[in-house]
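1. Model the following, please.
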Amino acid sequence: MTANEDQEMELEALRSIYEGDECFKEISPVSFQLRVGDLEDTKAFILDITWPDTYPETAPQISLDAFFNNRISAETKQLILSKLEEQVEANLGSAMMYTLFEWAKENQEELMENHRPVVTAVTLTSNTEVTAPSAAKKREKKEQLTKAQKRRMINRTDNKGELPRGWNWVDVIKVRAVSYFSTRWTNWTCFGLSFMLTLSFSVPFEMAS
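-> Numbering: from 1, shown residues only. The predicted structure is shown next:
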């Protein structure tokens, strides 16, 4: 029986045994994932196993590189792999996937005995750094001048004792506006008086004629 025939027979057996089992996942006909332990179990881990062309005459490739295993220390991973390699050597030349999986489940506590979850370092920004921009904005708002302060600055004289150009632009506009309307009112008043006088002189002459 060739290696490929052995693989086909073992694949059919695995599909039959682990059908509907969430702990077993067939990635491809020669690549599998086996989860040892429940998802909520802090000591659970996932085995990635791949068959080379000459399996089972040669050892399968076993790894713990799944993201699920990131919380497991390197020392614990090495222990699991070394123990599994011992089982592979003992079963070399025959179908061993079921044997490896069941052995790992039965010895999970021993394999993970020294397991201490690895905490991934996360850089957190301190509250002072977070609030720094807002604090700066508050200071900027506080530094804004009030109307009284602006008026005092405007009323300051230069080194010649003169007020800066445009300091009284509001008053200038007011004066010009008053002057403009006063002039217009005077012109209209004069025009009205002239018109009335013209009428007063012209009417008697018309009556006399």
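2. Doesn't residue 62 lie inside a strand?
-> Yes - according to DSSP: H, G, I helix; E, B strand; the rest coil, residue 62 belongs to a strand.
3. Name whatever forms a beta bridge with it.
-> residue 49 (DSSP bridges).
4. And it, what's its pLDDT?
-> Residue 62 is assigned 96 on the pLDDT scale.
5. likewise residue 99?
-> Value for residue 99, per-residue pLDDT: 95.
6. out of everything not next to it in sequence, what's closest to it?
-> With CB to CB, 6 or more residues apart in numbering as the criterion, residue 99 has its nearest non-adjacent residue at 5.6 Å, and that residue is residue 91. For every residue, glycine as well, the C-beta is placed using N, CA and C.
7. Same check on residue 42?
-> Counting by CB to CB, 6+ apart, residue 42 lies nearest to residue 117, which is 6.4 Å off, once chain neighbours are set aside.
8. next one: residue 58
-> Nearest one to residue 58, counting by CB to CB, 6+ apart, is residue 52 at 5.5 Å.
9. and that neighbour, how far is that from residue 82?
-> Separation of residue 52 from residue 82 (CB to CB, to the nearest Å) stands at 20 Å.
10. do you know how far residue 61 is from residue 83?
-> Residue 61 is 16 Å from residue 83, by CB to CB.
11. And for residue 90?
-> Using CB to CB, residue 90 is found at 11 Å from residue 83.
12. got it, and residue 110?
-> Taken as CB to CB, the span from residue 110 to residue 83 is 8 Å.
13. who's more crowded, those two?
-> Neighbours per residue (other CB atoms under 10 Å) separate residue 110 from residue 83, with residue 83 holding more: 14 against 10.
14. residues touching that one, list them.
-> Residues in contact with residue 83 (CB atoms under 8 Å, 6 or more residues apart in numbering) are 107, 111.
15. which residue ranges form the helices in the chain?
-> Ranges of helices within the chain are 3-17, 74-91, 97-106, 108-111, 127-142, 147-154, 169-208, based on DSSP state H.
16. from memory the residue nearest to residue 58 sits against residue 60, does it?
-> Yes - contact criterion CB atoms under 8 Å: residue 52 and residue 60 qualify, at 7.1 Å.
17. Counting neighbours, go ahead and name the busier of the two.
-> Taking neighbours as other CB under 10 Å, residue 52 and residue 60 compare with residue 60 leading, 20 against 14.
18. thinking again about what came up before, measure the residue nearest to residue 99 to residue 6 for me?
-> Taking CB to CB as the measure, residue 91 and residue 6 are separated by 13 Å.
19. what's the answer for residue 106, then?
-> 25 Å.
20. neighbour count winner among these two?
-> Remark: of residue 106 and residue 6, residue 6 carries more neighbours, 18 against 11, as counted by other CB under 10 Å.
21. Residue ranges in the protein under the pLDDT threshold?
-> 1-3, 119-145, 147, 150-209 (pLDDT under 70).
22. residues shared between the contacts of residue 91 and residue 6?
-> If you check residue 91 and residue 6 against CB under 8 Å, 6+ apart, the residues they both contact are residue 56.
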